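[1] Return a 3D structure for these sequence lines:
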Amino acid sequence: MTDVTPKYRILIVDDEAFVGELLSEYLTGNGYAVMTAENGEDAIAAYSQFKPDAVILDIRMPGMSGIDVLKRMKELDNKPAIIMSSAYGDSETINETMAQGADYYLQKPMTLSTLLEMLERILESAKRT
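    Residues are numbered from 1 along each chain as shown. Now for the predicted structure:
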C-alpha cells in the first residue's frame with residue numbers, strides 16, 4: 001500500500017454536521033486532508049492546531065458567527081484562503097465578509113465540483129506566489 005501525501009489541509013466550519021461530513025468525504029476522496037468544526041469556538045481551536053491551507057466557513061452559525069470567526073482567524077494568521085459560504089447571499093453580508101478579509105464567497109447550495117474547482121484554483125494560485 002502506498003502512502004499518499006494530501007495535496008492541502010482544508011478546515012470546514014459549518015453548524016450543520018451533515019454538510020461538514022459531506023464536504024469532508026468529498027474532499028478527502030480528492031486527496032485533501034480535512035478537519036471539520038461545527039461552531040466558532042471549535043473552529044478557532046482547530047485552526048490553530050490543524051494550520052489549514054484553506055478554510056470553508058459558514059456565515060450563519062449559532063453563538064460565534066462566521067464573520068466573528070473570520071476576524072479571529074485573521075488576527076491569528078493571515079495565511080490561508082478563506083471561503084465564506086451561506087444560503088443567505090445578500091450583498092451587504094457578502095460585502096462585510098470581503099471587507100473583513102474573506103478571499104471568496106460561495107452561495108449555498110453549491111455543487112461539489114464547483115467547490116473543488118474553486119479550491120484547486122485558489123490553492124494552486126497561492127502556491128505560485
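
[2] helix, strand or coil for A126?
    Here A126 is helix, with the state taken from DSSP: H, G, I helix; E, B strand; the rest coil.

[3] from memory it sits against A81, does it?
    Yes: in this structure, A126 is within contact of A81 by CB atoms under 8 Å, at 6.3 Å. (C-beta placed from N, C-alpha, C; glycine too.)

[4] Can you pull the residues that touch both of these two?
    D53 (CB atoms under 8 Å, 6 or more residues apart in numbering).

[5] Would you mind telling me which of those two has the busier surroundings?
    More crowded of A126 and A81, by other CB atoms under 10 Å: A81, with 21 against 15.

[6] The more buried one pairs with what?
    Note on A81: beta-bridge partners by DSSP bridges are A54.

[7] List the contacts of it.
    D53, A54, V55, D103, Y104, I122, L123, A126.

[8] Check I67 too.
    Counting by CB under 8 Å, 6+ apart, I67 touches I59, E96, T97, Q100.

[9] Redo those as TSV? Include secondary structure.
    TSV is the format used below for these (three-state DSSP):
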residue	secondary structure
I59	coil
E96	helix
T97	helix
Q100	coil
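
[10] secondary structure class for T5?
    Look at T5: counting by three-state DSSP, its state is coil.

[11] and it, how far is that from E124?
    As judged by CB to CB, to the nearest Å, T5 and E124 stand 16 Å apart.

[12] and if you look at Y105?
    Applying CB to CB to Y105 and E124 gives a distance of 19 Å.

[13] So for these two, which residue has more residues nearby?
    Using other CB under 10 Å as the criterion, Y105 and E124 rank with Y105 on top: 17 against 11.

[14] List the backbone torsions phi and psi for the more buried one.
    Main-chain torsions, Y105, degrees, to the nearest 10: phi -130, psi 130.
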